[in-house]
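Q: could you look at this predicted model? Sequence included:
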Amino acid sequence: MARVLITGASGFIGGYLVQKALDRGDEVTAAIRSGSNLARLGDPRIRLLELPLHDEEHLTAVLRQTGRFDQVIHNAGVTKAFSRKEYEAGNYGHTRRLVQALQQSGTIPGTFLFVSSLAALGAAPAGAENIYSGQTPVPLTPYGESKRAAELFLESLTPHFPWTAVQPTAVYGPWERDILTFIRLMQNGLELTIGLRPQRLSFVHASDVAAAIFCTLDTPAALHRKFIITDGRAYHTTDLGAAVRQALGKKRTLRIQLPLGLVRRVAGIAEEIGRWQKRPSPLSRDKIPELAAENWHCDVSPLIEETGFQPEFDLYTGMADTIRWYREKGWLK
């Protein structure tokens, strides 16, 4: 049984990490912020801990009180923001402060796993078949740049700090809300795709992300390395719609391809609405370069071969699982 600290525990992927750790019999401490939604953290075995990632001095004091953890999974981060500065603060800044607080408090764990993103690498280089771990990182968005900055910080540490990192591709599954809008439109017969050129895509179910992370933690040779996480399949533009149609039991939808120029204008409107509502939109103009990139196929073989990870879901079975859950919970009628 390991003593595990999970940051971002109340979030989408965080809830899966907490459940996976409980299933393994680990002693779980869920790091949260004041006001976090605790809907998925009601199990009495979970210890809740408010962790002030914005304040290194306070953070050091809290960690000194809690004592050393065997494993720290740093999953907290910012996926939607109004500015580059907010991405940098939430992804690079929080990571740097947490690592320094662990060092200063004398509570360096056996393994520190950083949940980065495929966005830190960017799309496959021109002429390459897949995105691969050794490629030169070229992030396409401020979000990807902030995750890459956090990776560079970890890489700059002395060999004595036991870090590893994972880079999940597009993650979906029960509890995820952004893809729900797309699914609801398809339920009403409308399938929207972005861009006029076909894309090569990759996906992974959130449950498989959690499984891959713990496989990585259980692999001593994973220290000081980064692993891409996908379900190991290669998809194309039409597969997402086909998987959703199959799960919904719909034979056909009206498929409309939206030109990138139109998407950019819609994203600008979504940004303004988000500012008015004080809630960043999942669609913003800074995400357009990722939406336009043509090749997101990945080489996931290092993760599978070296950690023993075996994904449970492909996009079709995973989407069936997701939509079944949406219906059971009343998120989808």
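A: Received the coordinates, thanks. Keep in mind that what you see is a predicted model, and the values were worked out from it rather than measured. Numbers count the residues shown, from 1 in each chain.
Q: which residues are in contact with the least confident helix or strand in the chain by mean pLDDT?
A: When each helix and strand of the chain is scored by mean pLDDT, DSSP states H and E, helix 260-277 comes last, with a mean of 76. The contact list for helix 260-277 (C-beta atoms under 8 Å, 6 or more residues apart in numbering) reads 82, 194-196, 258, 280-281, 283-285, 287-288, 291-292. The way it works is simple: take the backbone N, C-alpha and C, and place the C-beta from them, glycine included.
Q: export that helix to PDB, keeping only CA atoms.
A: C-alpha atoms of helix 260-277 as PDB (Å, rounded to 0.1, in the frame of the first residue of the first chain):
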ATOM      1  CA  LEU A 260     -11.500  27.400 -40.000                       C
ATOM      2  CA  GLY A 261     -12.200  31.100 -40.700                       C
ATOM      3  CA  LEU A 262     -15.800  30.700 -39.500                       C
ATOM      4  CA  VAL A 263     -14.600  28.700 -36.400                       C
ATOM      5  CA  ARG A 264     -12.200  31.500 -35.600                       C
ATOM      6  CA  ARG A 265     -15.000  34.100 -35.700                       C
ATOM      7  CA  VAL A 266     -17.200  31.900 -33.500                       C
ATOM      8  CA  ALA A 267     -14.400  31.400 -31.100                       C
ATOM      9  CA  GLY A 268     -13.900  35.100 -30.800                       C
ATOM     10  CA  ILE A 269     -17.600  35.400 -29.900                       C
ATOM     11  CA  ALA A 270     -17.300  32.500 -27.400                       C
ATOM     12  CA  GLU A 271     -14.400  34.300 -25.700                       C
ATOM     13  CA  GLU A 272     -16.400  37.500 -25.200                       C
ATOM     14  CA  ILE A 273     -19.300  35.600 -23.800                       C
ATOM     15  CA  GLY A 274     -16.900  33.800 -21.500                       C
ATOM     16  CA  ARG A 275     -15.400  37.000 -20.300                       C
ATOM     17  CA  TRP A 276     -18.900  38.400 -19.600                       C
ATOM     18  CA  GLN A 277     -19.800  35.200 -17.700                       C
END
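Q: just how off-centre is it within its chain?
A: 23 Å (C-alpha atoms, centre = their mean, to the nearest Å).
Q: residue contacts, residue 68?
A: So residue 68 contacts 3, 106, 107, 108, 109 (C-beta under 8 Å, 6+ apart).
Q: check what pLDDT it gets.
A: Per-residue confidence (pLDDT) for residue 68: 94.
Q: is it in a helix, a strand, or coil?
A: Secondary structure, DSSP: H, G, I helix; E, B strand; the rest coil: residue 68 is coil.
Q: shift numbering so it begins at 46
A: With the count now opening at 46, the last piece we talked about shows up as residue 113.
Q: most neighbours out of the contacts of residue 113, which is it?
A: Among these, residue 154 has the most neighbours (other C-beta atoms under 10 Å), with 20 neighbours.
Q: ok, it - contacts?
A: Contacts of residue 154 (C-beta under 8 Å, 6+ apart): 50, 113, 114, 115, 116, 117, 147, 207.
Q: repeat for residue 277
A: Applying C-beta under 8 Å, 6+ apart, the residues near residue 277 are 345, 349, 356.
Q: which member of those residues is positioned nearest residue 72?
A: Nearest to residue 72, judged by C-beta to C-beta, of the contacts of residue 277 is residue 356 at 27.0 Å.
Q: sticking with the closest one, tell me its helix or strand.
A: Under the criterion DSSP states H and E, no helix or strand holds residue 356.
Q: about what we covered before: report the buried residues of whichever helix or strand comes after the least confident helix or strand of the chain.
A: Once the chain leaves helix 305-322, the next helix or strand it forms, by DSSP H and E, is helix 333-337. The neighbour-count check on helix 333-337 (16 or more other C-beta atoms under 10 Å) flags 333, 335, 336, 337 as buried.
Q: can you show me the strands along this protein?
A: 48-52, 72-77, 92-95, 116-119, 156-160, 208-213, 215-217, 235-239, 245-246, 248-250, 271-274, 280-281, 299-303 (DSSP state E).
Q: could you dump the ones you listed to a markdown table with distance to residue 59?
A: Below are the strands of the chain laid out as a markdown table (distance: least, C-beta to C-beta, whole Å):
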| stretch | distance to residue 59 |
| --- | --- |
| strand 48-52 | 6 |
| strand 72-77 | 8 |
| strand 92-95 | 12 |
| strand 116-119 | 9 |
| strand 156-160 | 9 |
| strand 208-213 | 13 |
| strand 215-217 | 12 |
| strand 235-239 | 28 |
| strand 245-246 | 24 |
| strand 248-250 | 15 |
| strand 271-274 | 15 |
| strand 280-281 | 26 |
| strand 299-303 | 32 |
